[in-house]
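Asks: coordinates only, sequence not included:
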């Protein structure tokens, strides 16, 4: 028994499933992307939808191009008889957080969490621009790559990294993704031309469609449902100011606070799944989380190999948990981000029972 | 850290903006901050006392800002704190409050600011709801087009006379005159005027529909220790629940959805309510089209099936009746969509705190807040009481 959970109930990730992430899925609706993933994650535990205590999802109407888009995927869950259910207009990692809180209240013992994003129908660079301050920033249409480039340049100017080191992050991620059958970009991907200086194609995430789902369970239920539960011993998230001029882009204080609250620094971690859509953001996160060279970072390939917007953060938690399920990790940190230049960050510590 | 049982949750602060058709004088950030500052003032707390922020609103398309919580973090004092964004369609204001309450109940945080808003003047809600997607059912031309056939089904099923809808609208608009924050203040309202208003979506008339409002509502939720320091009476959460069902399927009862019945039953069980009609003193019900009052009276167990309209007709739901429904004027008088559910929850809290002003139901001890959304598929409800819950 490892664990140092600071909360009333022990809650674990007991199952994780994800789609194959692809550049386009013109032939599939969002419901059709999500449904196989739901079936897979339920099959892993043998649970049926009606046996789940709480269901929570994360997605964005702006990707779907219509209001209330999540209502359609709920039909795919099979919410009949009626279920206890909620939705965050955020990455699924925050849906997992809401579900974790629900289990902490004692009102549920299990939770199904899912998230999805279909970026291919539009220009995700333009779409994400609509996240910005609508009066002063959004009308200028600064896109997500340009904003990340500002952050990358700030890091280079501060001597925290250089273009060669950033290229190495991309190459390492995509090499690692060769072992991930769901990844979109794998292997020796050329670093490519500048997208927005200093970021080259290889520093940027692929644009793709995908979904993921996780099942959470408390205490003995978790032990019954899986051989080696991935206990969430700590989880926290924090947000920073929106204005980029108000922030030190070379640092991520919100990640550091969340990590502290989640207990990351109380014992060494062996694995880190970081939601860093841009190579430069891995540099920032490594520093904020105090990760040494001995920590395996993004063995899944991370967001540089597959970045289904709204699901990519939940996938980090799922990938970290899956390594614990498989016995490849004993104590992992999982991270999710939202907003421009790592504005909002969630950190979870996952631990397996020690022999 | 306690090892068992939930922490009791108290509402110690409520703040609303004066709801109007268009707040040209403030940005979205200015609007939400106004409600939050009022809630803090009610609780006599400062930004430093807030551990986390939970924010809700209806679709981002309504203002054209994707995930506005990112931009609003500064205005809501959330920098360095956790911030969650809930979206469950029209029920979102209620769901948001419940997610915030759970943070306290689970002892993850001690004092939480929860807020919901809509600034409808920055967009067009009707068309924001009507973006067509191939092979998916659009919500037709706005919400009224979706709900009108279900109202007609209710009338046919129960034999309710056509006059019931206008009675609800007339009542709610008069109640709104007693609520300084309500959007519509129709001082010259008469029943005849409601009945003479144009038919929009048969059988729903113009005066039986909700307005489009700019507005925000905020609440401060805290634990038992926080409630003990509260300068004014807290409202205690005795029960809260969410239920969802699919939008479209063969077995769906659009007149009285099973999810609504189940949600109410869960809340009553938590609160120890066995006879809601007698044990609940006031109801803030989500009634965007007037006929939903009799429909929800049945769905929530205040009346037997087919009998809801009789309570309305007999004046039971009037402010002076024995089961006042929407003493604040309700959604029919004020509808900043994403905030409308939270306003129901907050108004229920004001009633049991004895702070509802002119629209106070005398001696209200237990009040219900109700919200629904989507194709009548998402439900969020809570029951608040003047006393600390015993269970």
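Replies: Right, received. Where do you want to start? Here the structure is a predicted model, which means the values were calculated and not measured. Numbers count the residues shown, from 1 in each chain, chains lettered A, B, ... in the order given.
Asks: So the helix or strand bottoming out on mean pLDDT in chain B, near chain A or not?
Replies: Lowest by mean pLDDT, DSSP states H and E among the helices and strands of chain B is helix B:125-128, with a mean of 74. Yes: using Cβ under 8 Å from any Cβ of the partner chain, helix B:125-128 reaches chain A at residue B:128. To be clear about C-beta, it is placed using only N, CA and C from the backbone, and glycine gets the same treatment.
Asks: Can you get me the centre-to-centre distance for the next helix or strand after that helix and its chain?
Replies: The helix or strand immediately downstream of helix B:125-128 is helix B:142-158, counting by DSSP states H and E. For helix B:142-158, the distance from its own C-alpha centre to the chain's C-alpha centre is 20 Å (Cα atoms, centre = their mean, to the nearest Å).
Asks: Flag every buried residue along helix B:142-158.
Replies: Judged by neighbour count (16 or more other Cβ atoms under 10 Å in any protein chain shown), helix B:142-158 contains these buried residues: B:142-148, B:150-152, B:154-155, B:158.
Asks: What is it packed up against?
Replies: Applying 3 or more Cβ pairs under 8 Å, 6 or more residues apart in numbering or on different chains; DSSP states H and E, one finds that helix B:142-158 makes contact with strand B:199-201, strand B:204-205, helix B:292-299.
Asks: check whether the longest one contacts chain A.
Replies: No: contact of helix B:292-299 with chain A (Cβ under 8 Å from any Cβ) is absent, the minimum separation being 12.3 Å.
Asks: Run through who's touching the next helix or strand after that helix.
Replies: Next helix or strand after helix B:292-299 toward the C-terminus (DSSP H and E): helix B:308-313. Applying Cβ atoms under 8 Å, 6 or more residues apart in numbering or on different chains, the external contacts of helix B:308-313 come out as B:158, B:160-161, B:163-164, B:167-168, B:293-298, B:302-303, B:317, B:323.
Asks: Kindly recompute the last result at 10 Å.
Replies: B:154-155, B:158-161, B:163-165, B:167-168, B:171, B:256, B:277, B:290-300, B:302-304, B:316-318, B:321-323, B:325 (Cβ atoms under 10 Å, 6 or more residues apart in numbering or on different chains).
Asks: what separates that helix from the chain centre, distance-wise?
Replies: Worked out by Cα atoms, centre = their mean, helix B:308-313 lies 21 Å from the chain centre.
Asks: what packs against the very next helix or strand once past that helix?
Replies: Per DSSP H and E, the first helix or strand lying C-terminal to helix B:308-313 is helix B:330-333. Secondary-structure packing of helix B:330-333 (3 or more Cβ pairs under 10 Å, 6 or more residues apart in numbering or on different chains; DSSP states H and E): helix B:164-176, strand B:282-284, helix B:292-299, helix B:337-353.
Asks: let's see it at 8 Å
Replies: Using 3+ Cβ pairs under 8 Å, 6+ apart, helix B:330-333 is in contact with helix B:164-176, helix B:337-353.
Asks: ok, and which of those has the densest surroundings?
Replies: Of the helices and strands packed on helix B:330-333, the one with the most neighbours on average (mean count of other Cβ atoms under 10 Å in any protein chain shown) is helix B:337-353, at a mean of 31.
Asks: List the contacts of the residue of chain A most remote from its centre.
Replies: Counting by Cα atoms, centre = their mean, the extreme residue of chain A relative to its mean C-alpha position is residue A:81, 30.3 Å from that point. By Cβ under 8 Å, 6+ apart, residue A:81 lies in contact with A:50, B:245, B:258, B:262.
Asks: phi, psi of the second one?
Replies: Right, residue B:245. phi -140, psi 170 (degrees, to the nearest 10).
Asks: I figured it hits residue A:78, correct?
Replies: No: between residue B:245 and residue A:78 there is no contact under Cβ atoms under 8 Å: 10.2 Å.
Asks: who's more crowded, the two?
Replies: residue B:245 (27 against 16; other Cβ atoms under 10 Å in any protein chain shown).
Asks: circling back: inside helices: which ones of the contacts of residue A:81?
Replies: Counting by DSSP state H, the contacts of residue A:81 place B:258, B:262 in helices.
Asks: For the contacts of residue A:81, which PyMOL command selects only the ones that are buried?
Replies: Provided next is the PyMOL selection string for whichever of the contacts of residue A:81 are buried by 16+ other Cβ under 10 Å:
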select buried, chain B and resi 245+258+262
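Asks: pLDDT check: weakest of the contacts of residue A:81?
Replies: pLDDT across the contacts of residue A:81 is lowest for residue A:50, at 88.
Asks: Pull the contacting residues for that residue.
Replies: With Cβ under 8 Å, 6+ apart, residue A:50 has these contacts: A:78, A:81, A:83.
Asks: nearest residue to the first one other than its sequence neighbours?
Replies: It refers to residue A:78. residue A:49 (4.7 Å; Cβ to Cβ, 6 or more residues apart in numbering or on different chains).
Asks: returning to that earlier point: need the winner for burial among the helices and strands packed on helix B:142-158.
Replies: Comparing those by mean neighbour count (mean count of other Cβ under 10 Å), helix B:292-299 ranks first with a mean of 27.
Asks: what sits up against that helix?
Replies: B:147, B:150-151, B:154, B:158, B:160, B:164, B:168, B:255-257, B:260-261, B:264, B:285-287, B:303-309, B:311-312, B:317, B:325-326, B:370, B:372.
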